[in-house]
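Colleague: Okay, here's the prediction I keep looking at, along with the sequence it came from:
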Amino acid sequence: MIERAMGIGGTALTRRTFLRGSALAGTGAFIAACTGGSTPAPASDAAPTPKTVTGPLKFANWTAYVDLAGAAYDAGVYEPGSSPTLESFKTEYGVEVDYEEKIDGNSSFVETIKPALVGGLATGWDLIILTDWMASKLVDSGWTEKIDQDNVPNCTANLRDALRNAAWDPNNDYHYPWQSGMTGIGYNATAFSDNGLTAPTKLADLWSVPPDKLTFLDEARDTFGLTLLKLGIEPDPAKVTADDLQKVADDIQPLVDGGLRFTGNSYLQDFGQKKVWAAYVWSGDLASSAGEDDFFVFPEEGTMIWTDDMLIPKGAANKYTAELMMNYVYDVAIAAQIAAYVYYVSPVKGTAEAILELDPDAASNDLLFPGDEIVAKQRNFQSLSTELEDKMNELFATLSGL
């Protein structure tokens, strides 16, 4: 196994030191807090899917979100044929998988498929991964296919209890989680050292970085949620006010004036090219795909948490094959294989034990199994009222130009 060092809160870890069995209780609490969205799922009279494997399966996902091997593992960049999970699925079912790292942000991706969905046309995708808040919107709009539960027995049996009964899809008729994760600080240790900066421990420390060497996320919930924490405002969707959001915008504006940019997963390229010294980042990305001097930090103020979900867009040409893929990645051994690479928290029961079987000497990794201290500081800023979301989007558009 090739190892790539990764710092977590100042601790160097490798791919072989990624587990803490004692943190399983913390993981459960983390998973329970990751669900978001309150939209009720619509009824569906969809006809049963013919059980014929067809393809190629058109699968759109985020960067650094599936296991890799060989040269792709070394580079941390997906290439066709480089994922053991996707290749074994292809062999198992005799079907091609057209997998693309096509999603860089929820809103930007959905805008590419929305015209087809509105027009009642196929999107060209069979399986997509979106965060709870956006997944709930597609489900509520009737833009997703109803899952035939007979085709996903691993999902029905192995989904963690804490992720069941989501308010927006209580019976998992339209979604199954892919991974859960956290949003915190990423930084390049060499850049900080060379420029006389102390390694960040707080969100506020990023305000000392030259703004043109800094990126925040184009996922507004992450950027606004973390900055609320930085300002000492509890990011509780039920309590945050429009004035609170204005304070966030006012706090970020000077950084924008100085060159701060907003990105999705493309911050990985920025780190690789040394264009940024620090950023708001998603927890697993730097561990799986960045350089040896790129570190993830759990800010003292806390982290934002979320869950990304598998959905089948309305009119998908290969619905049954998409269901087979859902079922396949809920096999415990496959789920462990994915989680051990991507460094996110698996939604599948039994993955901790499976990872221990892969590596009995594995040590702790709070990215995979966040401990109680980290869980206590996690916040979910997903389920916003329409009024609050509109205000946030208005302010974010002014800041970002997006």
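Modeller: Received it, and whenever you're ready, just let me know what you need. Predicted model, so just to flag it, every value in this text is computed and none were measured.
Colleague: who does Met182 bridge with?
Modeller: Ile305 (DSSP bridges).
Colleague: burial count for it?
Modeller: Here the number of neighbours of Met182 (other C-beta atoms under 10 Å) works out to 28. C-beta coordinates here come from the backbone N, C-alpha and C atoms, glycine included.
Colleague: hang on, it packs against Gln378?
Modeller: Yes: with contact defined as C-beta atoms under 8 Å, Met182 counts as touching Gln378 (6.8 Å).
Colleague: Quick check: which element contains Thr156?
Modeller: helix 153-158 (DSSP states H and E).
Colleague: Would you check that Ile128 makes contact with Tyr99?
Modeller: No: under the criterion of C-beta under 8 Å, Ile128 is not in contact with Tyr99, lying 11.5 Å apart.
Colleague: Mutual contacts of the two, please.
Modeller: Phe59, Asn61 (C-beta atoms under 8 Å, 6 or more residues apart in numbering).
Colleague: sorry, back to before: and for Met182 and Gln378, which residues touch both?
Modeller: By C-beta under 8 Å, 6+ apart, Met182 and Gln378 have these common neighbours: Thr303, Met304, Ile305, Pro370.
Colleague: so how far is Arg221 from the third one?
Modeller: It refers to Ile305. Distance of Ile305 to Arg221, given as C-beta to C-beta, to the nearest Å: 11 Å.
Colleague: and if you look at the last one?
Modeller: Shown here: Pro370 relative to Arg221, a distance of 19 Å by C-beta to C-beta.
Colleague: Okay, domains of this structure per the record?
Modeller: 54-180+306-373, 182-305+381-399 (automatic domain parsing).
Colleague: Out of these, flag the one nearest Ala33.
Modeller: domain 182-305+381-399 (5.7 Å; C-beta to C-beta).
Colleague: is it true that Ser283 touches Gln179?
Modeller: No: applying C-beta under 8 Å, one finds Ser283 not in contact with Gln179, separated by 9.9 Å.
Colleague: Mutual contacts of these two, please.
Modeller: With C-beta under 8 Å, 6+ apart as the test, Ser283 and Gln179 both reach Tyr344.
Colleague: For the helix or strand where Pro254 lies, C-alpha coordinates in PDB please.
Modeller: For Pro254, the element it lies in under DSSP H and E is helix 242-257. Extracted C-alpha coordinates of helix 242-257, given in PDB (Å, rounded to 0.1, in the frame of the first residue of the first chain):
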ATOM      1  CA  ALA A 242     -30.900  38.100   8.100                       C
ATOM      2  CA  ASP A 243     -28.900  40.600  10.200                       C
ATOM      3  CA  ASP A 244     -26.500  37.700  11.200                       C
ATOM      4  CA  LEU A 245     -26.000  36.900   7.500                       C
ATOM      5  CA  GLN A 246     -25.300  40.500   6.800                       C
ATOM      6  CA  LYS A 247     -22.600  40.500   9.400                       C
ATOM      7  CA  VAL A 248     -21.000  37.500   7.700                       C
ATOM      8  CA  ALA A 249     -21.100  39.300   4.300                       C
ATOM      9  CA  ASP A 250     -19.600  42.500   5.900                       C
ATOM     10  CA  ASP A 251     -16.800  40.400   7.500                       C
ATOM     11  CA  ILE A 252     -15.900  38.700   4.200                       C
ATOM     12  CA  GLN A 253     -16.100  41.700   2.000                       C
ATOM     13  CA  PRO A 254     -12.700  43.100   2.800                       C
ATOM     14  CA  LEU A 255     -11.200  39.700   1.900                       C
ATOM     15  CA  VAL A 256     -13.000  39.800  -1.400                       C
ATOM     16  CA  ASP A 257     -11.700  43.300  -2.100                       C
END
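Colleague: Which residue is the nearest non-sequential neighbour of Glu100?
Modeller: Leaving aside its sequence neighbours, Glu100 sits nearest to Ala60 (C-beta to C-beta, 6 or more residues apart in numbering; 5.8 Å).
Colleague: before we move on, the earlier item: show me which of Ile128 and Tyr99 is the more surrounded one.
Modeller: Set Ile128 next to Tyr99 and count neighbours by other C-beta under 10 Å: Ile128 wins out with 27 against 24.
Colleague: Need the three-state assignment for the more buried one.
Modeller: strand (DSSP: H, G, I helix; E, B strand; the rest coil).
Colleague: Endpoints of stretch 118-131, how far apart?
Modeller: 20 Å (C-alpha to C-alpha, to the nearest Å).
Colleague: same question, stretch 185-199
Modeller: End-to-end distance of stretch 185-199 (C-alpha to C-alpha): 11 Å.
Colleague: quick one: buried residues of it?
Modeller: Neighbour-count burial for stretch 185-199 flags Ile185, Gly186, Tyr187, Asn188, Ala189, Ala191, Phe192, Leu197, Ala199 (criterion: 16 or more other C-beta atoms under 10 Å).
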